[in-house]
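> Generate a structure from the sequence data that follows.
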Amino acid sequence: MPRPIPKSITDKEKTSVRDSFKALKTIPRFFKEIYRASPKLFFVNAFSRLLNAFTPVVILWVGKMIIDEIILQVSLEDKDFTMLWNYVIIEFSVAVLSDLLGRLINLTDGLLGDLYSNASSEKIIRKTSELTIAQLEDPEFYDKLERARTQTNSRVDLMTNALGQAESLISMVSLIAGLIYFEPILILILVLSIIPSFINEAKFSSTRYSLARSWTAERRELDYLRFIGANNQTAKEIKLFGLTDFIAERFKNLSNDYYLINKKLSLRQSFYGSLFNILGVLSYYGAYVYIILRVLTGVITIGELTFLSGSFNRLRNNLQGFFSRFTRISESALYLQDYFDFIDLTVEQNAEAKTAMPKTIKEGFQVNNLHFAYAGSETEVLKGVTFILKAGEKMAFVGQNGAGKTTLIKLFLRFYEPTQGEILLDGININQFDVDAYRKRFGVIFQDFFKYEFTLRENIAVGNIDQVQNDEVINYAASKSLAEQVVTEMADGLEQRLGRRFYKGTELSGGQWQKVALARAYMKDADVMVLDEPTSALDAQAEFDVFERFIALTKGKTSIIISHRFSTVRMADRILVLQNGQVLELGTHEALMANPKLYSELFKLQAAGYQ
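Numbers count the residues shown, from 1 in each chain. A predicted model of the protein is given here:
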């Protein structure tokens, strides 16, 4: 039976307008997160928008009063312009206030956006660390992570649109009140001019999201092609194998497919948008003609004409902006839903009380009938593996590629759960221990260790990052792994930035990187040391020196070593030989050499190559 694939994005259905509206339920939670980013900035922003929302109607009303006052003064023989200039000063003051409030709103929008963007990105990083390796290796699940990670700017835009929407709503209520006071029928004309455009925008916003969602994997591939096509890490092979045309053509074809689909959608949206906008323009001028006729019949004054036409035009623009923002908000809310779906993902954990880790390992590990298959695969990588790793023993795992050596280590480290069987530590199932407390007892270096483009100090300290400023611990770890030679060769010593990505970075050789990575394993006084092909980039003499030192420095500690060099393997107390996911042999070097099976065969083959 294959292991079940972790829960991921398996919904491929087209997103509807209804889905867009349903996604709006995430907005209140979104505002809570913005508020937590900076309560003071949020309050200043909200209060500024509240004040600024009333400035349009105030300016229009004062403008009406100015025009009516001018007409009145023209008709009088004994003119008094005091009230007129008072109105002008009031309008000028309100206009200046509106400009200052607008600038304050833009300032706080930017600051709030930066703070929220930083906070949400940090949340994603922390959430990712809680997820299992199996979840992160599932492509569909990774698509969900990708959408949550890459939509940070969209969430910041959503914040601005949502806050602007609240301001616009208040402003429209004040303008509507003015229209109702003079000519209520203008409201009906206004609604008829806007609704068709709103329906059109809502329909196409959900369609755009459906397109973006369905192309998540392809967009990841495009990003990958950009990376390998213009990157110093791949440049040598790109040039040597002449891969430029292959990668460029693959990128062009995939990006062109996306362009054609997006072009078709954009043309349809523009066509229908133009039609509905013509209806809006006709409605506006119909209302304008109606207002002129009311002035000509003496029902309203010239000042009221300017107020009504200005209010109707501004209200129409505000409504268009309101509905346009609304569709953008509903579209962004769909991406926001992806973000919250990711943040809310539950990691399966045993709710039972955890057993305290033993202060010292007394008995060691016992592996009982261990089976394991990767998610979605029917092929077992491990098949009934059983053995004992005694406390303080150094055991080497040996086998051909694909025998299950690294997978077995990952089960020891609880990166995966076995499909059958168990691993015991001092007679207790390792799942009964708190996973973080359990992993802290390990010092590990993998064959595919990551090369952080940080400083040399930080690259060593990742093995125990709490000691990043402790020179004594870092230098001691470097001396153990022979990385002290690397430190002395760097112009800035431990402060030298590594890699070519950043300014003044220095690239290390493969052997130098492995010494740095080895230092990570020595950064803490771990009870269990695990070295998975840690010296493959070192020459034979350097590797021998590293392992000889390792054996001496880890005396009394439980250790697991994976290496294809038998000169290293024979240093172990016992050797476990895996073949096709099963234990083929287990014993000392001498005992295995006396047994004419896989180990002695591989040892002799390798030895013959040196003769």
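> Would you mind measuring from the residue nearest to the spatial centre of the chain to residue 547?
The centre of the chain sits closest to residue 149, judged by Cα atoms, centre = their mean, with a distance of 2.4 Å. Per Cβ to Cβ, to the nearest Å, residue 149 is found 40 Å from residue 547. For glycine as for every other residue, the C-beta is placed from the backbone atoms N, C-alpha and C.
> Give me the residues contacting stretch 387-398.
361-367, 405, 408-409, 551, 554, 556-563, 566, 568-569, 571-578, 583, 586, 599, 602 (Cβ atoms under 8 Å, 6 or more residues apart in numbering).
> now stretch 109-129: mean pLDDT?
Here stretch 109-129 scores 84 as its mean pLDDT.
> Summarise which helices and strands the one helix or strand residue 322 maps to is packed against.
Assigned by DSSP states H and E, residue 322 falls within helix 302-343. Judged by 3 or more Cβ pairs under 8 Å, 6 or more residues apart in numbering; DSSP states H and E, the packing partners of helix 302-343 are helix 17-22, helix 27-37, helix 55-75, helix 82-130, helix 139-150, helix 152-182, helix 185-214, helix 244-296.
> what about it, distance to the chain center?
29 Å (Cα atoms, centre = their mean, to the nearest Å).
> Flag every buried residue along the helix or strand following that helix.
Using DSSP H and E, the helix or strand that follows helix 302-343 in sequence is strand 364-372. Using 16 or more other Cβ atoms under 10 Å as the burial criterion, the residues of strand 364-372 that qualify are 364, 365, 366, 367, 368, 370, 372.
> in its sheet, what does strand 364-372 sit against?
Applying DSSP bridges, strand 364-372 is found paired with strand 382-390 (antiparallel), strand 420-425 (antiparallel).
> got the buried residues for the shortest one?
Which is strand 420-425. Residues 421, 423, 424, 425 are the ones in strand 420-425 that count as buried (16+ other Cβ under 10 Å).
> The closest residue to the last one other than its chain neighbours and residue 576, how far apart?
Put plainly, it is residue 425. Among residues not flanking residue 425 along the chain, residue 365 sits closest, at 5.7 Å (Cβ to Cβ, 6 or more residues apart in numbering). Here residue 365 is placed at a distance of 12 Å from residue 576 (Cβ to Cβ).
> same check, this time on residue 159
From residue 159 to residue 576 the distance is 56 Å (Cβ to Cβ).
> likewise residue 342?
From residue 342 to residue 576 the distance is 39 Å (Cβ to Cβ).
> Would you mind telling me which of these two has more residues around it?
residue 576 (25 against 20; other Cβ atoms under 10 Å).
> quick one: average pLDDT of stretch 28-42?
88.
> Give me the buried positions along that stretch.
30, 31, 33, 34, 37, 38, 41, 42.
> likewise stretch 311-327?
Under the neighbour-count criterion of 16+ other Cβ under 10 Å, stretch 311-327 has 311-312, 314-316, 318-320, 322-327 buried.
> neighbours around residue 334, how many?
Quick note: residue 334 (other Cβ under 10 Å) scores 25 neighbours.
> Could you do the one 10 residues further on as well?
Using other Cβ under 10 Å, residue 344 has 8 other residues around it.
> Could you do residue 564 as well?
15.
> which SS class is it?
Per DSSP: H, G, I helix; E, B strand; the rest coil, the local secondary structure of residue 564 is coil.
> I figured residue 178 hits residue 306, correct?
No. Assessed by Cβ atoms under 8 Å, residue 178 is found out of contact with residue 306, at 11.9 Å.
> low pLDDT regions in the stretch 251-400 of the chain?
Filtered on pLDDT under 70, the stretch 251-400 of the chain yields the residue ranges 280, 331, 347-353.
> So between residue 178 and residue 306, which is more surrounded?
residue 178 (22 against 18).
> who are the neighbours in contact with the spatially closest residue to the more buried one that is not a sequence neighbour?
The shortest distance from residue 178 to any non-neighbouring residue, by Cβ to Cβ, 6+ apart, is to residue 311 (5.2 Å). Neighbour list for residue 311: 57, 60, 175, 178, 179 [criterion: Cβ under 8 Å, 6+ apart].
> what's the spacing between residue 311 and residue 56?
8 Å.
> what residues do the two have in common as contacts?
With Cβ under 8 Å, 6+ apart, residue 311 and residue 56 have common neighbours residue 175.
> Can you select the buried ones from the contacts of stretch 387-398 in PyMOL?
Applied in PyMOL, the following selects the buried portion of those according to 16+ other Cβ under 10 Å:
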select buried, resi 361+364+365+366+367+405+408+409+551+554+557+558+559+560+561+562+563+566+568+569+571+572+574+575+576+577+578+583+586+599+602
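> Using the three-state scheme, assign residue 395.
With three-state DSSP as the criterion, residue 395 reads strand.
> How is the chain partitioned into domains?
The record's domain parsing of the chain by automatic domain parsing lists 22-343, 394-403+441-609.
> which stretch in those domains is the model least sure about?
Among those, domain 22-343 carries the lowest mean pLDDT (a mean of 78).
> Would you state the helices of the stretch 401-550 of the chain in chain order?
Listed in chain order, the helices of the stretch 401-550 of the chain (DSSP state H, counting those that start in this stretch) span residues 405-412, 435-439, 456-461, 471-481, 484-489, 510-521, 540-553.
> Same list (the strands paired with strand 364-372) but as JSON lines, adding distance to residue 519.
Listed next are the strands paired with strand 364-372 as JSON lines, based on distance: least, Cβ to Cβ, whole Å:
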{"stretch": "strand 382-390", "distance to residue 519": "25"}
{"stretch": "strand 420-425", "distance to residue 519": "26"}
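> count of neighbours near residue 77?
Residue 77: 4 surrounding residues under other Cβ under 10 Å.
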